[in-house]
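Asker: How does the following fold in three dimensions:
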Amino acid sequence: MQATETATNDIPDSPGLYLRRMTLHDLTAVLAVERAAYHSPWSQGIFQDSLKAGHYCMVLEQPVSCELIGHGVIMLVVDECHLLNLCIHPSHQRQGLGRLLLRRLLAIARQRQAASAFLEVRASNRAALALYQAEGFNEIGLRRGYYPAVKGREDAIVMGCAL
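Answerer: Below is the predicted model of the structure:
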């Protein structure tokens, strides 16, 4: 899929859900999901920069209700994929949608010839850590004070996996 494509893809293992490229028109809904899920959400500018840079910015939506329920952003450089953002609205979490979205993003990376994937995750985000470990990611490092936190900064665990 090219950076300019916006094709909608039915997700066979989740009837009624669609994964498609994010557009500027999606940003209001994307920001609402981001703010509901994180106490330090990405800004509109970060999403705009990601779209402009040609990163794979994807949205997961329920087309019948036109509800955007999640989004993800990956950056592909040569043969590496970096997962920059993976977010599911809190009202839709714990239903396997984060795993589904992660798998679809990594499939895109494989199609684009990425051989490995990397990400950072808050050290306190046990649910995300469990998901990434279950999907084959391993801890490869630590970035001290990487994330803003309610009180100060929080460490990020750096994870990687072969694709």
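Asker: Count the neighbours of the closest residue to residue 159 other than its chain neighbours for me.
Answerer: Once flanking residues are discounted, residue 159 sits nearest to residue 137: 4.0 Å by CB to CB, 6 or more residues apart in numbering. No exception for glycine: its C-beta is placed from N, CA and C like everyone else's. Close neighbours of residue 137, defined as other CB atoms under 10 Å, add up to 23.
Asker: now do residue 130
Answerer: Neighbours of residue 130 under the rule other CB under 10 Å: 10.
Asker: Equivalent analysis for residue 89, please.
Answerer: By other CB under 10 Å, the residues close to residue 89 number 19.
Asker: isn't the residue nearest to residue 159 right next to residue 158, touching?
Answerer: No - with contact defined as CB atoms under 8 Å, residue 137 does not reach residue 158; the gap is 9.7 Å.
Asker: Need the residues touching each of those two.
Answerer: Shared between the contact lists of residue 137 and residue 158 (criterion: CB atoms under 8 Å, 6 or more residues apart in numbering) are residues residue 119.
Asker: In contact with the residue nearest to residue 159, which residues?
Answerer: If you count contacts by CB under 8 Å, 6+ apart, then residue 137 has 117, 119, 159, 160, 161 around it.
Asker: Could you rank those residues by neighbour count and give me the top one?
Answerer: residue 117 (25 neighbours).
Asker: In contact with it, which residues?
Answerer: 74, 80, 81, 82, 83, 106, 109, 137, 160, 161, 163.
Asker: Run through the protein and note the low-pLDDT ranges.
Answerer: Across the chain, the ranges flagged by pLDDT under 70 are 1-15.
Asker: show me where it has helices.
Answerer: All helices of the chain, identified by DSSP state H, fall at 27-37, 44-53, 97-111, 126-134.
Asker: The nearest residue to residue 56 once chain neighbours are set aside and residue 85, how far apart?
Answerer: Excluding its sequence neighbours, the residue lying closest to residue 56 (CB to CB, 6+ apart) is residue 74, at 4.7 Å. Per CB to CB, to the nearest Å, residue 74 is found 9 Å from residue 85.
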